[in-house]
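Asks: sequence-free structure coming up:
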């Protein structure tokens, strides 16, 4: 399917690895020019080299209050427009709620929520001009609470509500805003947990992944590319009537409405 994205310009955060890198590669294959933002320049340059379209690397900490304006200004200076914004940055700390510090909470909200909020605010006038779209990559923890994921679940829930609120504004301004909730996806972070289980139980990693997925009542884990394809669809004109949609890409792990 042609997603009608040829020549568009996308800002992608958290683009240095995992789902963000897969989103960059998927959009590049559709002819999208890329602004890749994350903290690690070497990893960003590797991703840029793997993409077939022109890429601008922005190694920046999106927790900085001025970072969003810097990224938007750089995108406009290089490409003259912004058509797509993919807010993917932000990992949050797991653990016992009583052991999580204020700094842990500040870090979780500072990058994933406030980083996304500031980028939406900075990019909005330009997305309005291009009649562009935003996709926020949240996570299924925002819909289903878990005792060891209090920060991540709270941040994701806030990002989902923010998506709905911006979508409401976007109806008048001509900006589409949607979200994707990935489930358990085989990024480096999950692969580390799989390796730990394999070592604990003296089994190979494939069996460890199978057992872990089974404990979540799903058939298997997602690949980053599977999540990226849904993001690309929602970002594209092919999904023009999707506004405020929240799509779970989780293999059926979320069983609530």
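Replies: Okay, I see it. The shown structure was predicted, so the numbers you read here are calculated from the model rather than taken from an experiment. Numbers count the residues shown, from 1 in each chain.
Asks: after the helix or strand containing residue 86, next one along is what?
Replies: Using DSSP states H and E, residue 86 sits within strand 84-87. Going down the chain from strand 84-87, the next helix or strand is helix 102-108, by DSSP H and E.
Asks: and that following helix, what's its mean pLDDT?
Replies: Mean pLDDT, helix 102-108: 97.
Asks: contacting residues around it?
Replies: Contacts with helix 102-108, where a contact means CB atoms under 8 Å, 6 or more residues apart in numbering, come from 63, 90, 92, 93, 95, 151, 152, 154, 155. Bear in mind the C-beta positions are built from the backbone N, C-alpha and C, glycine included.
Asks: ok, for the fifth one, nearest residue in space, not its chain neighbours?
Replies: With CB to CB, 6 or more residues apart in numbering as the criterion, residue 95 has its nearest non-adjacent residue at 6.2 Å, and that residue is residue 148.
Asks: again with the fourth one
Replies: The shortest distance from residue 93 to any non-neighbouring residue, by CB to CB, 6+ apart, is to residue 104 (4.8 Å).
Asks: do residue 153 as well
Replies: Nearest residue to residue 153 in three dimensions, chain neighbours excluded: residue 141, at 4.0 Å (CB to CB, 6+ apart).
Asks: ditto for residue 190
Replies: In space, residue 190 comes closest to residue 184 once its chain neighbours are excluded; the distance is 6.1 Å by CB to CB, 6+ apart.
Asks: middle-most residue in this protein, spatially?
Replies: Centre of the chain computed as the mean C-alpha position; nearest residue by CA atoms, centre = their mean is residue 88, 2.3 Å away.
Asks: just checking, that one touches residue 20?
Replies: Yes. Judged on CB atoms under 8 Å, residue 88 makes contact with residue 20 at a distance of 4.4 Å.
Asks: Quick check: residue 34 is in a strand.
Replies: Yes. Looking at residue 34 with DSSP: H, G, I helix; E, B strand; the rest coil, it is inside a strand.
Asks: got a list of what the closest residue to it other than its chain neighbours touches?
Replies: Excluding its sequence neighbours, the residue lying closest to residue 34 (CB to CB, 6+ apart) is residue 55, at 4.3 Å. By CB under 8 Å, 6+ apart, the contact set of residue 55 is 24, 28, 33, 34, 35, 36, 47, 48.
Asks: For residue 55, give its distance to residue 12.
Replies: Counting by CB to CB, to the nearest Å, the separation of residue 55 from residue 12 is 10 Å.
Asks: Now do the shared contacts for the two.
Replies: Shared contacts of residue 55 and residue 12, defined by CB under 8 Å, 6+ apart, are found at 24, 34, 35, 36.
Asks: that older thread, test my guess that the residue nearest to residue 190 contacts residue 191.
Replies: No. Residue 184 is beyond contact range of residue 191, at 11.0 Å (criterion: CB under 8 Å).
Asks: Looking at these two, which one has more neighbours?
Replies: A count of neighbours by other CB atoms under 10 Å puts residue 184 above the other of residue 184 and residue 191, at 21 against 15.
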